[in-house]
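Asks: Have a look at this prediction, sequence included:
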Amino acid sequence: MKKYLIVGCGFSGAVVAEQLTKNENCKILVIDERSHIGGNCYSERDPNTNVMVHKYGPHIFNTSNKKVWDYINQFCEMMPFVNRVKTVYDGQIFSMPINLHTINQFFNKNFNPKEAEEFIEKQADKSISEPKNFEEQALKFIGKDLYQAFFYGYTKKQWGCEPKDLPASILKRLPVRFNYEDNYYSNIYQGIPRNGYTEIFRKMLSHPNIEIKLQTKFNESFNIDNFEHIYYTGPIDAFFNYKYGRLGYRTVYFERGEEIGDFQGNAVINYAEENVPYTRVHEHKHFTPWENHEKTIYFKEFSKETGNNDEPYYPKRLEEDLYKLELYLKEVEELKRYTFLGRLATYRYLNMDQVIEEALKIINE
Ligand code: FAD
Ligand code: UDP
C-alpha cells in the first residue's frame, strides 16, 4: 500500500489527507510540530469563561466558491455570522470598511450614495494612474483625509513600516462602499462553525488509514524513505534551512482580559491611531451569538517583527523577500516526490477558502 507524508495539520494538510483517503487505498502520516491539529485555525473553549476562542486570532469563514462552501459544510454546522467591524479614531467609533455611514460621520454630511461617490472622487488623487504601493492605492481611491484617519496609523502598527513601502494588494482586500452595507466581507457565503474549527479537523482526519503525530517536527533528519510522496505545508525558507535568508513575516501576539458581562459590545473593534499600541480588540463571545455566557474574554492584538522563535503570521512580501522566494521556488522545482502547498510553503497571504480550494485542486487534478 502506498504511503504518504503530510507535514502540517492546518487546512492545507487536512484537505490533502481527507481527499487522499477518498481517492485511493493508502496510508497517510500527518505530522505537526504543534501539540494540536488545526494549524492557525485551531479553536478551544476557554476554561474560565467557556467561550470558544480561536487561539491564533479570530477566523471567519467566507467564500464565494460554492464547491468550497459545500465541502466545509460536510464537516460542521456553519452558523450565520456577519463581521461588522468598528474602528476608533479621534475619540469616535466609526464603521469599517469605509461605507456611507463612515463617510457621512467623518465629514459630518448627509450624503446619499451618488453624492458621496462624487465627493470622494473629488478627494481622490487623480495624478496617480497605476498605484504602485499601499499609500498610492489609498490616495487614489479614498483621498488623503480618510487615508490618514483610518489606514495610515493602523497600517504602520500592523506592518511596522511606512504604507508606501507596502504592496497595493494589501489594501485591495478591503472594499469602499457608497451604501450602508457594513459587512466586512463581500463574499456570498459566510459563517462560523457552531462547535469551533477543531471539530472540523477531527472529522476530516478520522479515518483508519490516517495517523497523526503531534509535536513532531519535519527536518533534514526525518526519514522519508518509505513515503511515495510528501505534501509539505510548513515555511518554505525553513525547509531549506534558510540558505538564502529568512523571508519577512509579521507576527501578532495577544494580551488577554476577562470580566463579567460585555466588554466592548462587538466582536472586533479596530484602533486606527498610532498612539494606541494595539491594532484591534477581539471579544470572542460575540463570534458565537447563539451561545450565552455570563463572563467574557477579550484579546488586544499587537503586531511585531518576527523573531526566530515567533509564529510567522503575515508574509511581508517586500522586494527583497520576493527575490529570496524566487530562489527557494527554483529549488522546489528540482525536488522529486514533494508538493509544497498552503500559506507558509508558498509564502502568500491566503484565506481558509483559498487554501481549501488549492488543496482540492492539487489532489484532484
Ligand atoms: P497553517 O494553518 O499555518 O498550518 C500549517 C501547519 O504546519 C501548522 O500547524 C504548523 O505548526 C505546521 N508546521 C510548520 N512547519 C512544520 C514542520 N517543520 N514540521 C511539522 N509541522 C510544521 N482566513 C480566513 O479565511 N478568514 C479569517 O477570518 C482569517 N483570519 C486570520 C487571522 C489571522 C490573525 C491570521 C494570521 C490568518 C487568518 N486567516 C483567515 C488565514 C488562515 O489562518 C489560513 O488561510 C490558514 O490557516 C492556512 O492554512 P495552512 O494549512 O496553509 O497553514
Ligand atoms: N487596514 C487598516 N485599517 C483598518 C483595517 C485594515 O489600515 O481598520 C489595513 C491594514 O494594513 C491591513 C489591511 O488593511 O493589513 C488589510 O486588512 P484586513 O482586515 O484584510 O487584514 P487582516 O484581517 O488580514 O489582518
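Replies: Great, that's in hand. Numbers count the residues shown, from 1 in each chain. Ligands and ions are numbered 1, 2, ... in the order given.
Asks: Might you calculate how far stretch 193-203 sits from the centre of the chain?
Replies: Relative to the chain's own centre, stretch 193-203 is displaced by 17 Å; criterion: CA atoms, centre = their mean, to the nearest Å.
Asks: first to last residue in that stretch, what's the distance?
Replies: 13 Å (CA to CA, to the nearest Å).
Asks: Pull out the buried positions in that stretch.
Replies: Of all the residues in stretch 193-203, those buried under the rule 16 or more other CB atoms under 10 Å are 193, 196-201. (Each C-beta comes from the backbone N, C-alpha and C, glycine too.)
Asks: Run through who's touching it.
Replies: Stretch 193-203 is contacted from outside by 9, 14, 36-38, 41-45, 52, 54, 59, 61, 72, 75-79, 288, 290, using CB atoms under 8 Å, 6 or more residues apart in numbering.
Asks: if we go to 7 Å?
Replies: Here stretch 193-203 makes contact (CB atoms under 7 Å, 6 or more residues apart in numbering) with 9, 14, 37-38, 41-44, 52, 59, 72, 75-79.
Asks: hmm, it in reach of ligand 1?
Replies: No: using CB under 6 Å from any ligand atom, we find that stretch 193-203 stays clear of ligand 1, coming within 9.3 Å at best.
Asks: Where in the protein is the helix or strand with the lowest mean pLDDT?
Replies: When each helix and strand of the chain is scored by mean pLDDT, DSSP states H and E, helix 169-172 comes last, with a mean of 90.
Asks: Show me which residues of the stretch 251-365 of the chain are close to ligand 1?
Replies: So the stretch 251-365 of the chain meets ligand 1 at 252, 313, 342-344, 350-353, 355 (CB under 6 Å from any ligand atom).
Asks: Just the element for whatever residue of the stretch 201-350 of the chain ends up closest to ligand 2, please.
Replies: Here the stretch 201-350 of the chain gets closest to ligand 2 at one residue, residue 270, 3.9 Å apart by CB to the nearest ligand atom. Using DSSP states H and E, residue 270 falls within strand 268-271.
Asks: which parts of the stretch 101-250 of the chain sit against ligand 2?
Replies: So far as CB under 6 Å from any ligand atom goes, the stretch 101-250 of the chain lies against ligand 2 at 150-151, 154-155, 158, 170-171, 173-174.
Asks: Residue 176 is in contact with residue 186, correct?
Replies: No: using CB atoms under 7 Å, residue 186 makes no contact with residue 176, being 11.1 Å away.
Asks: Which one's more surrounded, these two?
Replies: residue 176 (17 against 13; other CB atoms under 10 Å).
Asks: Any stretches of the stretch 1-150 of the chain with poor pLDDT?
Replies: Applying pLDDT under 70 to the stretch 1-150 of the chain flags no residue at all.
Asks: which residues does the residue of the stretch 251-365 of the chain found nearest ligand 1 contact?
Replies: Residue nearest to ligand 1 within the stretch 251-365 of the chain (CB to the nearest ligand atom): residue 342, separated by 2.7 Å. Residue 342 makes contact with 8, 10, 12, 233, 355, according to CB under 7 Å, 6+ apart.
Asks: hang on, it is in a helix, isn't it?
Replies: No: under DSSP: H, G, I helix; E, B strand; the rest coil, residue 342 falls outside any helix and is assigned coil.
Asks: And the pLDDT at it?
Replies: We have a pLDDT of 98 for residue 342.
Asks: Which of the contacts of residue 342 has the largest number of neighbours?
Replies: Greatest neighbour count in those, by other CB under 10 Å, goes to residue 12: 30 neighbours.
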